[in-house]
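In: Build me a model from this:
(2 chains)
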Amino acid sequence: MSAKANSNKRPFSRRKFLRRTAVVLGGSIVAGFLGCSPTRRYLAQTVERMDFPAIISSMKPDFWFQVLSDNSILFKSPKIEMGQNVITGLAMLAAEELEIPLERIKVEHASTSSGIIDSLGTGGSNSTLALYIPVREVAATMREMLKTAAADQWGVALSSVSAKDGVLSSGGKTMTYAEIAESTTEWKTPKTPKLKPSSAFKYVGKTVKRIDLQEKVMGTALYTIDHGRNGLLHAITLECPYLNGKIKSIDTTEAAKMPDVVKVIQEDDLVAVVAINRYAAEMAVRKIKVEWDIPKAWQQKEIIELVTVGKGRRVNVQDKGSARSILSNSKAKVFEQAYRTPMAAHAQMETYGTLAHIENDEASIVIGTQAAGMVQGQLASALGIKKDKVDVQTPYLGGGFGRKMGRNNATQAARISKIVGAPVKLIPTREQEFQNSVYRPNTHHVLKAVFDEQGELEAISHDQATPDMVMKDLGGNFALSMFGADWLSAGHGASILYPVKNRSTSIWNVEVPYPSGIWRSVGIFANTFAIESFVNELAHHTKQDPLEMRLKLLQGGDELNQRMIKVLETLKDKTDWGTKSKAGVGRSVAICNDRKTIAAAAIEVSIVDGAIKVLKVTEVIDCGIAINPGGIQQQVEGAIMMGISAALYEEITIADGKIAASNYHEYPLATLNDVPEIQVTILENAPEPFGIGEPPLGPVAPAIAGALLDLTGKALRSLPFRLDEG
Amino acid sequence: MKIDFSINKKPVSIDVDPEMPLLWVVRDELHLKATKFGCGKAMCGACTLHVDGEVYRSCSLPVQYAAGKEVTTLEGLSTETQIHPIQQAWIEEEVPQCGYCQPGFMMAAAKLIQEIPNPSDEDIKSNISNICRCGTHPRIIKAIKRAAVIQQASKI
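Out: Predicted coordinates:
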């Protein structure tokens, strides 16, 4: 399996393989090195798989391992841990080639000054796929370097040296990795060794408990808010709750008089209270009297109207056959429906804060971010200092979900620190996290289909209206004008996957007055909801079983379609699809492809006391190689709960120019009460490990909609579902 | 104003504004970081701890309320020789993902299995209203039931 995956990748280049010899830092680090070529390839893959425009890809990520004196290996992960369990999977891959027990690999996040961060950030469910080969190549190279050093020291042939469990041996001689690393000053870099065949894997494919488990259960895992500095001050900024509002008048006199306040800052758009503790800062900021200048008091109705198919700039992303002309020529027979998804908040448990210390034109930053490289660049330009003077340390993230790719307060924290000349912690209040954030944009979808005289689906089209998710952040207006619309992220998953002869998809790029960004599963969430709800409605309309109809539609398709068939067939088995559902229970199905991971869910619902109750979710996921099946199971469960939450409860609305929700009471999430029976099955029908964090979220909402349609005969076409609508 | 109380069985005396929420006292004055700030309005439960054995959301509890009482945070749940059944079960069920809400959930769950030694799914669902965004809910339910079993066994 892996031989095929390897075959189209260029091997490691010895010439470009840089190394650092015998770095001794505090006596613990004895050898570390960088791999340049694999990371360039990794970057190229990242760009390719995420479909990012090349203009934003000019950075040089790397990663490294260190042999520590206790004969363990420190792995500085270029990808950050936000709950998705990426560090365990990467450590498993490294352990395979390093020939060291997994327990002896310690993982920490690389930072901008130590190890190499991933400048593109962590997201898009692509970390494991992107690093699947590079991490093993670098690990294998390091193992060979250790073996070569031992062979030289012992004066024996390299071929006689073997590495096992962190110990090198030849004949009767043995030495630990730490011992050889300590006694070696000149390292030889070999050609990239051949990677272990998957049949020899010790860890990959077996469930391994998360590396961060103990810390997170015992309460020792550290997040941004847990970090400190000598002389640390606490700040809270004043944020305008109105979209694009500005200060009209302000009076900070009373705030400045509050106890324990060190300073009230008012410098152009930055207003902040700095105090010796968090409580004092919070109390004082409430004493600021401010009048806001609101350019426009936006209302929800207007936001919905803005995001409507037919408005904005259209980009055609799929055009097979002649769908548009067939559909416009057979108007009478066309089955057409429209769907809407609302704005949503990430509502991750940890608000997105920063600890900053600016001293002598150097910045030391702690921020639990998905994009340390971007934060580094942002601060360098905000402070007018070179990038290498900005050190960004990333602790564990208390949830990311895309939120920590977007708008942050690092520049504010840095400016405050510079003004007061002390380290400053700036943790947003939950109200600021809700109202001064970045949001999953609302979307509108129009789907049309027509059947031919034999009852076969002849043509289908999908039009999605959506604001941009990443283009402006990454490439500015230039990128948007170059690409027309954000088909990379917001339009991700918009194309029709079923091999219908005539199919067409367009994205309509619309402008909105709020900051829009990535939310777990990116465009897959909205697009799978619309397309798969429509497919369920087509089945209902033509009195077909929704699962059987999909199987029929997928016949004769490409490799992806064949994998989709296998997933659906498995789902059929796991759910006893052939037996009828119980009275009062509706059931349906939905499927998506998210960058080659196929996820399908069959869901059973009922209505209890007038409320929708999800009873059972059976999800089948084909992610190619399953590195850590237990970790995958955990991600699927989480995605199911988040999908239920988004389908039943979540909606950000705008009223009188403000984000209406200020805290969790106005933005309810799924709770323990919503836990259904969950069954997860993992298939491995591809030779590479595809993403897992986001794909399983896609089918949840449309499968619930389909199940409600099955139960009530009524189609609900906007989220969150309300039984009195539709 | 000086306020005396005990934190994880150790006496402390601190001099802060008596209205300061216990959360910030525990975190920033006593440097115990497991108890988390989530919403500041006693809604999410990330800051859950025990005062005299009762469950409180410390972001909204003035420190003066703890005067003369015993405060327990996640750091004080297990002893040096004995891991608490809740933490044991949390490890066995591999509950956490991002981990940020977990201390609060574990503190709420520790109280629950003390009050209801053999809780049903319904007992768990109706007594714990903490919020988790990663969707660890199914495992939280399993872990609490497992913890109840561990607790029973340790009492025999």
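In: C-alpha from now on. contacts and neighbour counts both.
Out: OK.
In: ok, A:Asp468 - contacts?
Out: A:441, A:485-486, A:489-490, A:509-511, A:516-517 (C-alpha atoms under 8 Å, 6 or more residues apart in numbering or on different chains).
In: With B:Glu92 instead?
Out: Contact analysis of B:Glu92 by C-alpha under 8 Å, 6+ apart lists B:Ala143.
In: Could you report the distance from it to A:Gln214?
Out: Here B:Glu92 is placed at a distance of 10 Å from A:Gln214 (C-alpha to C-alpha, to the nearest Å).
In: Sticking with A:Val392, tell me its helix or strand.
Out: strand A:390-393 (DSSP states H and E).
In: which parts of that strand are buried?
Out: Neighbour counts over strand A:390-393 (16 or more other C-alpha atoms under 10 Å in any protein chain shown) mark A:390-393 as buried.
In: buried residues in the helix or strand following that strand?
Out: Sequence order places helix A:410-420 as the next helix or strand after strand A:390-393, per DSSP H and E. Under the neighbour-count criterion of 16+ other C-alpha under 10 Å, helix A:410-420 has A:410-418, A:420 buried.
In: just the strands in chain B please.
Out: B:2-7, B:10-15, B:48-51, B:54-57, B:70-72 (DSSP state E).
In: Out of those strands, which is the most enclosed?
Out: Highest mean neighbour count among the strands of chain B (mean count of other C-alpha atoms under 10 Å in any protein chain shown): strand B:48-51, with a mean of 26.
In: from the middle of its chain, how far away would it be?
Out: Centroid displacement of strand B:48-51 relative to its chain, using C-alpha atoms, centre = their mean, to the nearest Å, is 5 Å.
In: same question, stretch A:422-440
Out: Mean C-alpha position of stretch A:422-440 versus that of the full chain (C-alpha atoms, centre = their mean) differs by 20 Å.
In: May I have it as PDB, with CA atoms only?
Out: Taking C-alpha atoms only, stretch A:422-440 is exported to PDB below (Å, rounded to 0.1, in the frame of the first residue of the first chain):
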ATOM      1  CA  ALA A 422       5.700  45.000  31.200                       C
ATOM      2  CA  PRO A 423       4.400  41.600  30.200                       C
ATOM      3  CA  VAL A 424       0.700  41.700  29.600                       C
ATOM      4  CA  LYS A 425      -2.000  39.000  29.500                       C
ATOM      5  CA  LEU A 426      -5.000  40.000  27.300                       C
ATOM      6  CA  ILE A 427      -7.700  37.400  27.600                       C
ATOM      7  CA  PRO A 428     -11.000  38.400  25.900                       C
ATOM      8  CA  THR A 429     -14.200  38.100  27.900                       C
ATOM      9  CA  ARG A 430     -16.700  35.600  26.600                       C
ATOM     10  CA  GLU A 431     -18.800  38.500  25.500                       C
ATOM     11  CA  GLN A 432     -16.000  39.800  23.300                       C
ATOM     12  CA  GLU A 433     -15.300  36.300  22.100                       C
ATOM     13  CA  PHE A 434     -18.900  36.100  20.900                       C
ATOM     14  CA  GLN A 435     -19.300  39.700  19.600                       C
ATOM     15  CA  ASN A 436     -15.900  40.600  18.300                       C
ATOM     16  CA  SER A 437     -15.000  37.400  16.600                       C
ATOM     17  CA  VAL A 438     -15.100  35.800  13.200                       C
ATOM     18  CA  TYR A 439     -18.100  33.800  12.100                       C
ATOM     19  CA  ARG A 440     -19.000  30.900   9.800                       C
END
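In: For the stretch 151-300 of chain A, which residues are neighbours of chain B?
Out: Taking C-alpha under 8 Å from any C-alpha of the partner chain as the contact definition, the stretch 151-300 of chain A meets chain B at A:209-210, A:213-214, A:216-222, A:226, A:277-279.
In: In helices only, show me those.
Out: Among those, the ones falling in helices (DSSP state H) are A:213-214, A:216-218, A:278-279.
In: Switch those residues over to CSV; also include neighbour count.
Out: Supplementary listing: these in CSV, determined by neighbours: other C-alpha atoms under 10 Å in any protein chain shown:
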residue, neighbour count
A:Leu213, 21
A:Gln214, 18
A:Lys216, 26
A:Val217, 25
A:Met218, 23
A:Arg278, 25
A:Tyr279, 20
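In: My read is that A:Ala490 contacts A:Met469, right?
Out: Yes. With contact defined as C-alpha atoms under 8 Å, A:Ala490 reaches A:Met469; the gap is 5.5 Å.
In: Overlap of the contact sets of those two?
Out: Joint contacts of A:Ala490 and A:Met469 (C-alpha under 8 Å, 6+ apart) are A:Ile518.
In: More neighbours: which of the two?
Out: A:Ala490 (33 against 27; other C-alpha atoms under 10 Å in any protein chain shown).
In: Tell me who's in contact with that one.
Out: Counting by C-alpha under 8 Å, 6+ apart, A:Ala490 has contacts A:466-470, A:518, A:522-523.
In: contacting residues around A:Leu711?
Out: A:584-587, A:605-606 are the contacts of A:Leu711 under C-alpha under 8 Å, 6+ apart.
In: Need the max-distance pair from those.
Out: Largest separation among the contacts of A:Leu711 by C-alpha to C-alpha: A:Gly584 and A:Arg587, giving 10.1 Å.
In: more neighbours, these two?
Out: A:Arg587 (27 against 11).
In: That one in helix, strand or coil?
Out: Secondary structure, DSSP: H, G, I helix; E, B strand; the rest coil: A:Arg587 is strand.
In: Let's see the pLDDT reported for it.
Out: You'll see A:Arg587 listed with a pLDDT of 97.
In: ok, now A:Ala707?
Out: With respect to pLDDT, A:Ala707 scores 98.
In: Now for the buried residues of strand A:390-393: which two are most distant?
Out: Within the buried residues of strand A:390-393, two members stand farthest from each other by C-alpha to C-alpha: A:Val390 and A:Gln393, at 9.8 Å.
In: still on that earlier bit, among the contacts of A:Ala490, which one has the most neighbours?
Out: That'd be A:Thr466 among the contacts of A:Ala490, by other C-alpha under 10 Å, with 32 neighbours.
In: Would you check how far apart that residue and B:Thr48 are?
Out: 40 Å.
In: Number of residues surrounding the residue in chain B positioned nearest to chain A?
Out: Nearest residue of chain B to chain A (C-alpha to the nearest C-alpha) works out as B:Cys98 at 3.5 Å. Neighbour count for B:Cys98, taken as other C-alpha under 10 Å: 29.
In: Surely A:Cys315 forms part of a strand?
Out: That one is not Cys; residue A:315 is Val. Yes. Assessed by three-state DSSP, A:Val315 belongs to a strand.
In: rewinding a little: highest neighbour count among the contacts of A:Asp468?
Out: A:Ala490 (33 neighbours).
In: Walking through the stretch 301-450 of chain A, point out its strands one by one.
Out: Ranges of strands within the stretch 301-450 of chain A are A:313-320, A:335-341, A:354-359, A:362-367, A:390-393, A:424-426, A:443-451, based on DSSP state E, counting those that start in this stretch.
In: Fine by me, we can end here.
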